[in-house]
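# Need a 3D model of the sequence below.
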Amino acid sequence: MRRIGFAAFALAGLLAALALARHWTMAGPPLPQAVYVWQRQWDAETTAAVAPSRDLFHQYRVLGLQWGSDGRWVKSRADLATLAASKRAVAVVMRIEGTAPLAIAADAAGQLRALLAEWRIAGIRVSGIEFDHDCATSQLTVYAQWLRTVRASLPEAMPIGITALPTWRTATELDGVLQAVDYSVLQVHAVRRPEEGLFDAELARQWIDEWAVRTGSRPFDVALPAYGVRVEVDDTGKPIRVDGEQDLPRTAQGRELVADPVAVARLLETLQRRPVQALREIVWFRLPRRTDQRAWSLRTLRAVIERKPLAIRLDVALHPVANGAGDVVVTNNGNRDGVMPGVVVINGRCAGGDGVNGYQFTPERFHLRMTPPPVLRAGHRRTIGWIRCDAPATLHIEP
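Alright, predicted model coming up:
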């Protein structure tokens with residue numbers, strides 16, 4: 001009996017070891033991370049956002065040129081000295097709005113050659129060129145010809161890539177597009193109607209798996225969202241404007257669409273547990289800036305990339321100013337961006353106060369209220385009002 005028990009125990013241990021080995025075999029190494037810097041006019045905040053993110057990203061993909069729907073070229077004013085000082089690889093991104101007429105192919109190549117020369121003189125290690133064009137599936141053959149024409153006039157050794165839409169995966173014309181470039185970047189966010197949301201982790205994984213099957217051994221990246229948008233609609237519910245970076249005037253019909261960090265982290269986890277062979281890296285849209293209320297905070301993005309537990313921790317405190325008055329300040333001490341409190345209750349012998357930054361003060365109950373409350377990014381704070389009290393007051397958040 002002892003020998004049988006020992007054998008059973010040994011067999012159980014062997015099976016456990018095999019299961020663990022199988023898990024290790026299935027789990028891939030951490031995927032490299034890159035990020036889009038999507039600013040046409042760099043300001044001090046954009047420049048300041050580069051250095052704190054260097055340890056997270058091996059490459060910056062920088063918007064360098066844009067062909068607008070108005071038929072004009074727009075060259076971004078990137079901070080070349082900052083990009084060079086980052087010591088990171090930099091890919092030039094050309095955004096093509098509207099259609100991609102073959103007539104601009106030669107001009108596009110000329111614009112890119114001039115930009116490449118300028119960036120290299122500045123000391124930037126240019127690692128590739130990427131074309132960002134939301135081509136209609138029916139026009140993929142034309143797009144493939146455009147790409148071949150442009151590529152023929154670019155440095156032969158320069159890697160060329162494209163952003164790709166999930167809808168292309170069933171098109172036979174996709175082969176011609178992929179043969180014209182070195183890699184593709186599958187965008188799995190903001191590709192559906194606004195009412196369907198900005199990102200769906202399960203659907204994104206399905207698209208990634210199907211893209212891998214469709215494209216075979218060709219290398220590809222996946223673009224993931226680290227931002228939100230506001231969609232303004234008319235009286236019929238039809239979208240009339242999408243605000244992704246600015247804080248434009250809002251209407252009652254507007255909707256906030258945000259990529260949930262928990263959902264994005266869940267997709268990353270599945271990609272680690274069930275790796276996709278041809279998947280090279282993750283590219284985030286976009287690099288967070290300090291006051292960019294549409295992008296995740298760098299703290300949240302870092303937590304997702306480093307696979308840390310995500311938590312919102314809102315604290316409210318009274319910061320004395322003068323003459324018995326104090327500012328009511330809400331701080332998010334967690335690592336996940338979260339919605340600010342709708343109501344802050346003030347308890348104490350207080351004589352008066354007022355709300356700021358959209359909060360309204362109710363003197364009868366000494367409440368500060370805002371509906372709907374905005375998002376407070378992780379590591380950030382916001383003053384929502386002030387009060388004057390005869391004795392120390394206590395503050396608490398109502399759900």
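
# can you pull out the strands in the stretch 51-200 of the chain?
For the stretch 51-200 of the chain, strands defined by DSSP state E, counting those that start in this stretch occupy the ranges 59-67, 73-75, 89-96, 126-132, 160-164, 183-187.

# Give the other helices and strands that the shortest one contacts.
To tie it back to what came earlier, the one meant is strand 73-75. When contacts are defined as 3 or more Cβ pairs under 8 Å, 6 or more residues apart in numbering; DSSP states H and E, strand 73-75 sits against strand 59-67, helix 105-121. (Glycine included, C-beta is placed from N, CA and C.)

# buried stuff in the helix or strand where R382 lies?
R382 belongs to strand 381-389 when assigned by DSSP states H and E. Applying a neighbour-count criterion of 16 or more other Cβ atoms under 10 Å, one finds R381, R382, I384, G385, W386, I387, R388, C389 buried in strand 381-389.

# now swap in stretch 351-365 and tell me
Quick answer for stretch 351-365 (16+ other Cβ under 10 Å): G353, G355, Y359, F361.

# and it, how far from the chain's centre?
35 Å (Cα atoms, centre = their mean, to the nearest Å).

# How far does that stretch stretch from one end to the other?
12 Å (Cα to Cα, to the nearest Å).

# State the mean pLDDT of that stretch.
Average pLDDT, stretch 351-365: 94.

# I would like the residues contacting that stretch, please.
The contact list for stretch 351-365, computed with Cβ atoms under 8 Å, 6 or more residues apart in numbering, reads 328, 344-346, 366-370, 374, 382-390.

# ok, now with 10 Å
324-328, 330, 340-346, 350, 366-374, 382-390, 393 (Cβ atoms under 10 Å, 6 or more residues apart in numbering).

# How about the contacts made by the residue most central in space within the chain?
Geometric centre of the chain, nearest residue: A226, 2.3 Å, by Cα atoms, centre = their mean. A226 sits next to 35-36, 189, 259, 261, 264, 284-288, 295-298, 300-301, 304-305, 337 when contact means Cβ under 10 Å, 6+ apart.

# Recalculate using a threshold of 7 Å.
Contacts for A226 (Cβ atoms under 7 Å, 6 or more residues apart in numbering) come out as A259, W284, F285, R286, A295, W296, L301.

# would TSV of the residues you listed with distance to E173, secondary structure and neighbour count be doable?
Shown next, in TSV, are those (distance: Cβ to Cβ, whole Å; DSSP: H, G, I helix; E, B strand; the rest coil; neighbours: other Cβ atoms under 10 Å):
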residue	distance to E173	secondary structure	neighbour count
A259	30	coil	22
W284	29	strand	25
F285	26	strand	22
R286	29	coil	25
A295	34	strand	27
W296	35	coil	27
L301	35	helix	28
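
# Just name the closest of those to T46, please.
R286 (10.3 Å; Cβ to Cβ).

# Which secondary structure elements does the strand holding R382 sit against?
The contact analysis (3 or more Cβ pairs under 7 Å, 6 or more residues apart in numbering; DSSP states H and E) places strand 381-389 against strand 325-332, strand 350-355.

# Let's have these in TSV, adding distance to V150.
Below are the helices and strands packed on strand 381-389 laid out as TSV (distance: least, Cβ to Cβ, whole Å):
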stretch	distance to V150
strand 325-332	45
strand 350-355	55
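
# Out of those, which is closest to L271?
Nearest of the helices and strands packed on strand 381-389 (Cβ to Cβ): strand 325-332, 27.9 Å.

# Neighbouring strands - and their directions - for that closest one?
Applying DSSP bridges, strand 325-332 is found paired with strand 314-320 (antiparallel), strand 381-389 (antiparallel).

# Any buried residues in whatever helix or strand comes next after the last one, and which?
Past strand 381-389, heading to the C-terminal end, the next element that is a helix or strand (DSSP H and E) is strand 394-398. For strand 394-398, the neighbour count (16+ other Cβ under 10 Å) marks L395 as buried.

# and if you look at stretch 171-185?
Quick answer for stretch 171-185 (16+ other Cβ under 10 Å): A171, E173, L174, G176, V177, L178, A180, V181, Y183, S184, V185.

# do the same with stretch 143-162
The neighbour-count check on stretch 143-162 (16+ other Cβ under 10 Å) flags Y143, A144, Q145, W146, L147, T149, V150, R151, M158, I160, G161, I162 as buried.

# just the CA coordinates of that stretch, formatted as PDB?
The C-alpha trace of stretch 143-162 is given here as PDB (Å, rounded to 0.1, in the frame of the first residue of the first chain):
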ATOM      1  CA  TYR A 143      -4.000  51.400 -52.000                       C
ATOM      2  CA  ALA A 144      -1.600  48.500 -52.800                       C
ATOM      3  CA  GLN A 145      -0.500  50.200 -56.100                       C
ATOM      4  CA  TRP A 146      -0.100  53.500 -54.200                       C
ATOM      5  CA  LEU A 147       2.200  51.800 -51.600                       C
ATOM      6  CA  ARG A 148       4.300  50.100 -54.300                       C
ATOM      7  CA  THR A 149       4.800  53.400 -56.100                       C
ATOM      8  CA  VAL A 150       5.800  55.300 -53.000                       C
ATOM      9  CA  ARG A 151       8.100  52.600 -51.700                       C
ATOM     10  CA  ALA A 152      10.000  52.500 -55.000                       C
ATOM     11  CA  SER A 153      11.100  56.100 -54.300                       C
ATOM     12  CA  LEU A 154      12.100  55.600 -50.700                       C
ATOM     13  CA  PRO A 155      15.400  54.200 -49.200                       C
ATOM     14  CA  GLU A 156      15.500  50.500 -49.900                       C
ATOM     15  CA  ALA A 157      16.500  49.400 -46.400                       C
ATOM     16  CA  MET A 158      13.800  51.500 -44.600                       C
ATOM     17  CA  PRO A 159      11.100  49.300 -43.100                       C
ATOM     18  CA  ILE A 160       7.600  50.200 -44.300                       C
ATOM     19  CA  GLY A 161       4.400  49.500 -42.400                       C
ATOM     20  CA  ILE A 162       0.700  50.300 -42.500                       C
END
